[in-house]
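# Just need the structure, nothing else, for what follows:
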Amino acid sequence: MCEQRSEIDPIVVHICEDIMGIIVLLGVVALIAYTACRILIFQVPQPVYQVEQPAGMKRAIAAYKEKQHREEEMLAEVMATLRAGRAKLAEEYGRRACTSGDLKHGHQNWFKDQWQEYCNLVRAKHGDSLTQSALNRLGLSAWR
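Modelled structure (predicted):
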């Protein structure tokens, strides 16, 4: 039997070698592009700095917060004082209104005068600014 040997045309071999060269070249270019992208998007971890506040600043902030806390406590105390005083005056006014028939003459202004006097006492004890703030928060008037 005869063996048939097929020979590959040298042009086909040359074309295949060129194609293989192009594939290898594209692989190298792709590898370089991939490496370049990885390098470009790589982020160097930045150090984290802990900034300490100076001790003086910490004390100043603490003192300010303490002052605010004291002012809020004092304001709450003044508001409680005003509420209690107004309740007592209203109770007394009610008692006077029930026992006295001449509410139209004189008793109408009694509550206003007593409240104004009470507010002046609170103002003398706690100061004008604090008393006015408490009255404003309560939605009341001192009838000056």
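# middle-most residue in the chain, spatially?
What sits nearest the mean C-alpha location of the chain, by C-alpha atoms, centre = their mean, is K65, with 16.0 Å.
# and it, what is it in contact with?
With contact set as C-beta atoms under 8 Å, 6 or more residues apart in numbering, K65 has no partners. For glycine as for every other residue, the C-beta is placed from the backbone atoms N, C-alpha and C.
# what about it, which helix or strand?
When elements are assigned from DSSP states H and E, K65 belongs to helix 55-99.
# repeat for I23
According to DSSP H and E, I23 maps onto helix 10-41.
# circling back to that earlier point, off-centre distance for the helix holding K65?
26 Å (C-alpha atoms, centre = their mean, to the nearest Å).
# and it, average pLDDT?
Average pLDDT, helix 55-99: 88.
# what about E7, distance to V13?
Using C-beta to C-beta, to the nearest Å, E7 is found at 10 Å from V13.
# try E91
118 Å.
# so what's E71 closest to, chain neighbours aside?
Closest residue in space to E71, ignoring its immediate chain neighbours: L130 at 7.9 Å, by C-beta to C-beta, 6 or more residues apart in numbering.
# was I right about the one you found contacting L75?
Yes: applying C-beta atoms under 8 Å, one finds L130 in contact with L75, separated by 6.2 Å.
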